[in-house]
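Novice: I'll drop the sequence and a predicted model, then ask my questions.
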Amino acid sequence: MSSKNKAGGPSPDKSKGDKTATDTQAVLKTNDIVILQAMATDDLVAALPFNPIKALDQGHDNAISPPPGKTVKPDSSELTASTRTEEAGTAKTGRAAPAGTNATVASLERVRVDAGGEPLTTNQGVRIADNQNSLKVGLRGPTLLEDFILREKITHFDHERIPERIVHARGSGAHGYFEAYDSLSKYSRAAPFARKGKITPVFVRFSTVAGERGSKDTARDIRGFAVKFYTDEGNWDLVGNNMPVFFIQDAMKFPDLVHAVKPEPHHGMPQAASAHDTFWDFASLMPESTHTLMWLMSDRAIPRSYRMMQGFGVHTFRLVNESGESVFCKFHWKPKQGTHSLVWDEAVKISGADPDFHRRDLWEAIESGEFPEWELGLQIFTEEQAEGFSFDVLDSTKLIPEELVPMTPVGRMVLNRNPDNFFAETEQVAFCTAHVIPGIDFSNDPLLAGRIHSYVDTQITRLGGANFHEIPINSPLATVQNNQRDGIHRQGVNRG
Ligand code: HEM
């Protein structure tokens, strides 16, 4: 069957028809975890069927000296796991930490908190008996300003929200791994393609573009398909969409495009939709948007599932090999589940019944061990070939027909692990087209040039300062050494 490799992803054994065997094993394992979790939940409910100290909320003596709350220590860490795929580790997520510990083994395990059965504390680690009743003068108040437990709890709550992304605010993420089919050294020295079977951990976020953070999943819209590769030569972000072309050719027009498609300024409507005057006004003045509009108005614009979408890097990129020779390249993700869409009537009904349709589908598929998979294909071509095309390869409103440049499959990506915490991982993840590694380079596409600037710039506001690369989901597995220092929320304790 399959063994775990260094990075924690399954190593396929093609000679034994491995894919099916691995998948079956994963499903069995996930089912075991489901049963374990259900049994542990039953045990916990039986151990604490009601709040036995509730009555002690009352009365003078209890107010003066509140009794400690009752806790039950679960036998298994499965119970407090936020995802059943906790066991499906990658080098980024690490293995499941033993209950109650934050093992410093892998980058996210270091920060995973398991409070099951642990006593309550303040943020300063001071044990407390009661965070349900504020401190009062006598039983009827007034409430005292010196109740630091009350003020800490409310102050933290007051600051729980961060700005949503200016575009792609609504999204869902998952962990997984990329596996190279073969060495790509002829074209690129990029770490994920170094040798056959090489595994690189990834985090992927799928999104809609126009809607706000709480908008429906089934909007007619382009979908974001952003992949962060935690390579051993640093992070590489392939920040793509589910359509191969874009509305505009020049980054300078992007703010105008987004202002036009977002809700109109006077009444804030419509939400997550392009069927309104400002958008069509923009489109009518920008004939280069016609190609992408054809995609947007097709059935492709309402995917059946995030698992059933293609992904495209859109721009022409460069691959660079060990000798410094470069070729042009376009990136394409192809879902093994097939590419499927909803029709408009289905989408309209579903959006009312379940606005979280795509989020739920991705989460549940992964929880049940039905791990979605994509194949990465490259269109590789030379500058000389590009010169001969009847269109400009630096123009993101054009695609390159496969009849001209066929696809070369180079690897597969499997998403096998749900995040532990939506905010910590999916909300705080920060992708950027400027995050490239040796072996991957930019072309002179003027849209790409604007993006290289835009992402980190916006994230400085969204994530509050210049140190968001230290947030665990963003930090590379490769070590970081440089002379950058200080700034808001700096975590690193630089010596010397
Ligand atoms: C000049 C053109 C563009 C600019 C200035 C731009 C800018 C932005 C900004 C500011 C964000 C929010 C980032 C954050 O807060 O973390 C974003 C998100 C995103 N953009 Fe673009 N964008 C452009 C074009 C594109 C194109 C052509 C694609 C696809 C090929 C794309 C794909 C994405 C994706 C997938 C996200 C969401 C990333 C995530 O899941 O966090 N963008 N973009």
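Specialist: Happy to help now that I have it. Numbering: from 1, shown residues only.

Novice: In stretch 297-311, which residues are buried?
Specialist: 300-311 (16 or more other CB atoms under 10 Å). Just so you know, the C-beta spots here come from the backbone N, C-alpha and C atoms, and that holds for glycine as well.

Novice: Near the ligand, which residues of the stretch 101-250 of the chain are found?
Specialist: Residues of the stretch 101-250 of the chain found near the ligand (CB under 6 Å from any ligand atom) are 165-168, 171, 205, 207, 224, 226, 239-241, 246.

Novice: Just those residues: which are in strands?
Specialist: Among these, the ones falling in strands (DSSP state E) are 171, 205, 207, 224, 226, 239-241.

Novice: just the buried members of these?
Specialist: Buried members of these, scored by 16+ other CB under 10 Å, are 171, 205, 207, 224, 226, 239-241.

Novice: which stretches of the stretch 1-150 of the chain form helices?
Specialist: Taking DSSP state H, counting those that start in this stretch, the helices of the stretch 1-150 of the chain run over residues 18-47, 60-64, 148-158.

Novice: comparing the ones you listed, which gets the lowest mean pLDDT score?
Specialist: Comparing mean pLDDT across the helices of the stretch 1-150 of the chain, the weakest is helix 18-47, with a mean of 67.

Novice: quick one, what contacts the residue of the stretch 101-250 of the chain found nearest the ligand?
Specialist: For the stretch 101-250 of the chain, the residue closest to the ligand is residue 224, as judged by CB to the nearest ligand atom, at 2.7 Å. Residue 224 is in contact with 168, 171, 205-209, 239-242, counting by CB atoms under 8 Å, 6 or more residues apart in numbering.

Novice: And for residue 170?
Specialist: By CB under 8 Å, 6+ apart, the neighbours of residue 170 are 207-208, 211-215, 217, 272.

Novice: Point me to the residue of the stretch 1-150 of the chain nearest the ligand.
Specialist: Closest point on the stretch 1-150 of the chain to the ligand, by CB to the nearest ligand atom, is residue 92, at 16.4 Å.

Novice: related to what we said a few turns ago, which of the contacts of residue 170 count as buried?
Specialist: For these, buried by 16+ other CB under 10 Å: 207-208, 211, 215, 217, 272.

Novice: Save the residues you listed as TSV, and put in distance to residue 68 and pLDDT too.
Specialist: Converted to TSV, the buried ones among the contacts of residue 170 look like this (distance: CB to CB, whole Å; pLDDT from 0 to 100):
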residue	distance to residue 68	pLDDT
207	44	98
208	46	98
211	45	98
215	43	98
217	43	98
272	47	96
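
Novice: Show me which of these is closest to residue 349.
Specialist: Nearest to residue 349 among the buried ones among the contacts of residue 170: residue 217, at 13.1 Å, using CB to CB.

Novice: Looking at the contacts of residue 224, spot the one nearest residue 457.
Specialist: residue 239 (14.2 Å).

Novice: Out of the contacts of residue 170, list just those in strands.
Specialist: Reading strands off those with DSSP E, I get 207-208.

Novice: As TSV, the contacts of residue 170 with distance to residue 56 would be great.
Specialist: Listed next are the contacts of residue 170 as TSV, based on distance: CB to CB, whole Å:
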residue	distance to residue 56
207	47
208	49
211	47
212	44
213	40
214	39
215	45
217	45
272	49
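
Novice: Using the record's domain definitions, break this protein down for me.
Specialist: Per the record, the chain has its domains at 3-85, 171-470, by automatic domain parsing.

Novice: Great, nothing more from me.
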